[in-house]
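> Quick check, what structure comes out for this input:
(one chain, ligands or ions: 1)
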Amino acid sequence: MTTTISHWVNNKAYPGTSSATAPVTNPATGAVTGEVALANVEDARAVIGAATAAFPAWRDTSLAKRTAILFRFRELLEARKPELAAIITAEHGKVLSDALGEISRGQEVAEFACGIPHLLKGGFTENASTKVDVHSVRQPLGPVGIISPFNFPAMVPMWFFPVAIAAGNTVVLKPSEKDPTAAIWLAELWKEAGLPDGVFNVLQGDKTAVDELLTNPAIKSISFVGSTPIAQYVYATGTAAGKRVQALGGAKNHAIILPDADLDLAADAMVNAGFGSAGERCMAISVAVAVGDIADDLVAKITERATTITTGDGTTNADMGPLVTAAHRDKVASYVDAGEKAGATVVLDGRAVQADGGPDGFWLGPTLFDNVTPDMSIYTDEIFGPVLSVVRVDSYDEALELINSNPYGNGTAIFTNDGGAARRFQNEVEVGMVGINVPIPVPMAYYSFGGWKASLFGDTHAHGTEGVNFFTRAKAITTRWLDPSHGGLNLGFPQNA
Ligand code: NAD
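Prediction:
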């Protein structure tokens, strides 16, 4: 039996007028489990209209009332997250523990946003000029758009919407059409937490829905996360329409392993960050750069660990689930074919995996390549699957040059016991998020998340104080109150006195 997944407007499901739908599958079985509505322009305008109508009252709702709702949202999420994890596993395929992990990382942003009264405090200067005071405030933008990718159906939207809502904006979330149900579950939770109608809305759809968000003048900002070509398109179209845009793109994350590194720690990290969530993480490590004569040992240790990974249905005890769709599995497998053909050494071949799951699931096991060179497509392209490449280099400088000449700059890591080398790396590497003996450096909610170069278009990273700045506009107010000393007309240019 399949379910229909519709839009969410004014705290209830909204079927829309479009008859177009897209199938939603369970990646572990291959079965179609739902049909998601694909909005036409009219539907998109109806959703945006609800967010627009709700804005004036929400921006004037006191901070005390807004944060009370946020606290309730956080408490409900904490209590009920296993339900959401089950939804994510059923549509995305990642194992339940991983789904719970992504919810917890999103929840941290909701916790951060509970402190919004402190974060929105402005400055005040008394007597900037004689009897003239200056103060600053930050005000919400209006209705804001969030467009999210398939790989984190809960966490990525939560990088943005708790801060946006806390700051007084109203939201239209356009989730990935591959796993759209998590957004509806979160919308229901907001309703239960007491969020007024129209403050949080969900628009299901594809390019048509995205284009309306990008060009409709009622939408004041766009927070996008997805692949680099679409991020570039979103940034160009949204800014041309006068909107504030933060568009987070793809990644090709390298880890450098120096000769003095703890190789067991490094091998654990390569396996966890290379194959966790089947490599469908923007912070996955896809290239291990082995410096000097440690490469043979490192490859042996990674192989030893990766061969113990079990691949199967995410609801079982498997370590790794399937890929999100059959088409994506086939695309990743075609990269493995290409890597083999290009002459890389296939150490572990995920195409031959025996998965503990349905025969029609979208399976591909952990794949390890050695002797990868920078001209191969498995090196140049973002594969977004469980494929780890080992590149052998002779020196730190050669490793750094590889990373800095890569078009992407999302995350990177260095494994070493030499503090001086690590410090040099954090200073010299042209990447937005850096781990030192830590493989997936996703910053805490009170820091900001964002890459450099082709991994982010726009000036502002997600959440943390940058997120607060993104979802608010600053205003400076200069005030003079007449008092008995006020001295009459003066047409001269006002000067501080
Ligand atoms: P995607 O670019 O295909 O889709 C992202 C969103 O854009 C979805 O909501 C989708 O419906 C929409 N979209 C797709 N095609 C479109 C088009 N032609 N015009 C307008 N909108 C369109 O990305 P994905 O496959 O869902 O997610 C994986 C990608 O996201 C990877 O490249 C990954 O690196 C990236 N990602 C980046 C980060 C980060 O923080 N930088 C985080 C998560 C994922």
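> Which residue does this structure have closest to the ligand?
Gly226 (2.6 Å; CB to the nearest ligand atom). (C-beta placed from N, C-alpha, C; glycine too.)
> Quick check: that residue touching Pro149?
Yes. Using CB atoms under 8 Å, Gly226 is in contact with Pro149, at 4.4 Å.
> for Tyr14, which residues make a bridge with it?
Counting by DSSP bridges, Tyr14 is bridged to His7.
> residue contacts, it?
By CB atoms under 8 Å, 6 or more residues apart in numbering, the contact set of Tyr14 is 6-8, 43, 46-47.
> Let me have those in TSV, extended by neighbour count.
Below are the contacts of Tyr14 laid out as TSV (neighbours: other CB atoms under 10 Å):
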residue	neighbour count
Ser6	21
His7	30
Trp8	25
Asp43	26
Ala46	19
Val47	29
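> from these, which single one is nearest Gly205?
Nearest to Gly205 among these is Asp43, at 7.5 Å by CB to CB.
> elements contacting the helix or strand where that closest one lies?
Assessed by DSSP states H and E, Asp43 sits inside helix 41-59. On a contact count with 3 or more CB pairs under 8 Å, 6 or more residues apart in numbering; DSSP states H and E, helix 41-59 meets strand 7-9, strand 12-14, strand 132-140, strand 143-147, strand 170-174, strand 200-202, helix 207-215.
> Report the rounded mean pLDDT for the next helix-or-strand element following that helix.
The helix or strand immediately downstream of helix 41-59 is helix 63-92, counting by DSSP H and E. For helix 63-92, mean pLDDT rounds to 98.
> Going by neighbour count, which residues in helix 63-92 are buried?
Neighbour-count burial for helix 63-92, counted by 16 or more other CB atoms under 10 Å, picks out 66-67, 69-70, 72-74, 77, 81, 84-92.
> Could you list the residues of this structure in contact with the ligand?
147-152, 156, 174, 176-177, 206-207, 210, 225-227, 230, 248-251, 282, 382, 384, 410, 451, 455 (CB under 6 Å from any ligand atom).
> Need the residues that contact stretch 290-301.
If you take CB under 8 Å, 6+ apart as the criterion, stretch 290-301 is touched by 256-259, 261, 263-264, 266-267, 270, 288, 347, 368, 370, 390-396, 398-399.
> Let me see the mean pLDDT of it.
Stretch 290-301 comes out with an average pLDDT of 98.
> what's near enough to touch the residue of the chain closest to the ligand?
For Gly226, the contact set (CB under 8 Å, 6+ apart) comprises 147-149, 234, 248-250.
> Give me the local confidence score for it.
98.
> Check Thr237 too.
On the pLDDT scale, Thr237 is placed at 99.
> would it count as being in a strand?
No. Counting by DSSP: H, G, I helix; E, B strand; the rest coil, one finds Thr237 to be helix, located in no strand.
> got the contact list for it?
Neighbouring residues of Thr237 by CB under 8 Å, 6+ apart: 211, 214-215.
> Going through these, which ones are buried?
Taking 16+ other CB under 10 Å as the criterion, what is buried in the contacts of Thr237 is 211, 214.
> quick one: which of the contacts of Thr237 is nearest Asn469?
Nearest to Asn469 among the contacts of Thr237, counting by CB to CB, is Leu214 at 21.4 Å.
> how much space is there between that closest one and Gly49?
To Gly49, Leu214 is 17 Å away according to CB to CB, to the nearest Å.
> ok, Trp8 touching Ala183?
Yes. In terms of CB under 8 Å, Trp8 counts as a neighbour of Ala183; the distance is 7.5 Å.
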